[in-house]
Structure formats: structure tokens, C-alpha cells
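Enquirer: can you look at this prediction? I've put the sequence above it.
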Amino acid sequence: MKHGHWRVLFLTATLTACEPEVIDHAPASNLIDAESASLETGLGVWAPWFGVSVSRTPTAAREGDAGLRVEVTEPYGWGVSLDNWPGFVAAPGPHRVSFWARVTQGRSQVAEMTVIWRDAGGRELRAETVSSPALTRQWVRTARELTAPTGTERVSVAVTGAEGAPGDVIELDVVVVQAVGVP
């Protein structure tokens, strides 16, 4: 038997002896860094923007071990943002954006994810908003396809609500901005 055939035989024997493996072949990964997207090891670059305090907590986990707890501290709206101006590296073209959210305390809210596409100098090219349905105590995923305009080199994200009262609590997890169709 030729040497190359032994390698194929060895590989076949090795693969059949192993348990099945699930491999994710997603076309592109999340443009948001792993820590900010999943909150598994820390807050990432999430920061209070207005009317809130934020924390990473295990009770806020939709997936994994933790999520972002947003506690409203002032009336008339709230907001959190990724504090890494001018944002994460991005490119023009189609993207899929999504986030999971729920209300755990207080009244129903609508969460809005604003995606801001920027050029190399940080100048805003376009801002687009994706609105959740009215949030309840059950997790809901909000997703939409967006197209980053020509000249895009950065993307930033904020999640806000137009309503809210002190003591309301919103939880967020698995925030995604993903290029579509990239090899």
C-alpha cells in the first residue's frame, strides 16, 4: 500500500473512533468583541449612556453564564452603549444584527438597538434602528438585515428605550453585528 493510502486509512479510523463533532461554519463572526457580545467574562465595553446603571449578572443570562442587567435610575428613557468610539472594525455591505432582551422588573418596554456605520475618521455615515416588540419577562430575539454604506470602516451600537421609570430592569444578551456572505 502506498504511503498516502495509509494516511487516509489512519484518518478514517481516527474519525470513526471519535464521538460526533459539531462544527459551526458561520460565514463570518460577530464584529462586536466576544466579551461585549456575550458578557461571559466581563462587561466588555458596555457603559451606561443615560438614566441607567449597568452590571454583568448571572441572572441576566439568555445564553451562557451571564448577561447585561440595565437598571433604570431616572424617568423618561434609558440607554446603554458600547464605549469604544469610533466602534468595531466593519466593512460595507449586508449585515445581520440581533439582540436578546426581556424586562425582569417594572413595566413592559421596547428596546431599540441603534447601529451606527462610520468611516475611517469616525464620521457617521448612517444610523439605523432595530426595535424589539414590547418586552415581557420572556426572552425575545430581535433581528434584522441592514446594509452598511460605501465607506464603512467602523460600527458602533447603543440600546435604548424611550420609556422607563426608576426601578425598571431590562436584561440584554447575545448582541450581534455580523457580516453576511463573507467567505
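Expert: Nice, I can see it. Numbers count the residues shown, from 1 in each chain.
Enquirer: can I get the longest strand anywhere in the chain in CSV, CA atoms only?
Expert: Taking DSSP state E as the criterion, the chain has its longest strand at strand 93-105. Output in CSV follows, covering the C-alpha atoms of strand 93-105 (Å, rounded to 0.1, in the frame of the first residue of the first chain):
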residue,chain,number,x,y,z
GLY,A,93,-22.3,45.5,2.6
PRO,A,94,-25.0,43.3,4.1
HIS,A,95,-25.1,42.6,7.8
ARG,A,96,-27.4,40.8,10.2
VAL,A,97,-27.9,42.5,13.6
SER,A,98,-29.7,40.9,16.5
PHE,A,99,-30.1,41.0,20.3
TRP,A,100,-32.0,39.2,23.0
ALA,A,101,-33.9,41.3,25.6
ARG,A,102,-36.5,41.0,28.4
VAL,A,103,-37.9,43.0,31.3
THR,A,104,-37.5,41.4,34.7
GLN,A,105,-38.9,44.2,36.8
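Enquirer: so for that strand, mean pLDDT?
Expert: When pLDDT is averaged over strand 93-105, the result is 95.
Enquirer: tell me how far that strand is from the chain's mean position?
Expert: 7 Å (Cα atoms, centre = their mean, to the nearest Å).
Enquirer: now do stretch 128-147
Expert: For stretch 128-147, the distance to the chain centre is 11 Å (Cα atoms, centre = their mean).
Enquirer: name the nearest residue to A34, ignoring sequence neighbours.
Expert: E40 (7.5 Å; Cβ to Cβ, 6 or more residues apart in numbering). All C-beta atoms are positioned from the backbone trio N, CA, C, and that covers glycine.
Enquirer: contacts only, for V155.
Expert: L31, G87, F88, A90, H95, V115, I116, W117, R118, A148, V177 (Cβ atoms under 8 Å, 6 or more residues apart in numbering).
Enquirer: let's see that with 7 Å instead.
Expert: L31, G87, F88, A90, V115, I116, W117, A148, V177 (Cβ atoms under 7 Å, 6 or more residues apart in numbering).
Enquirer: isn't the third one right next to I32, touching?
Expert: Which is F88. Yes: look at F88 against I32 with Cβ atoms under 7 Å: they come within range, at 5.9 Å.
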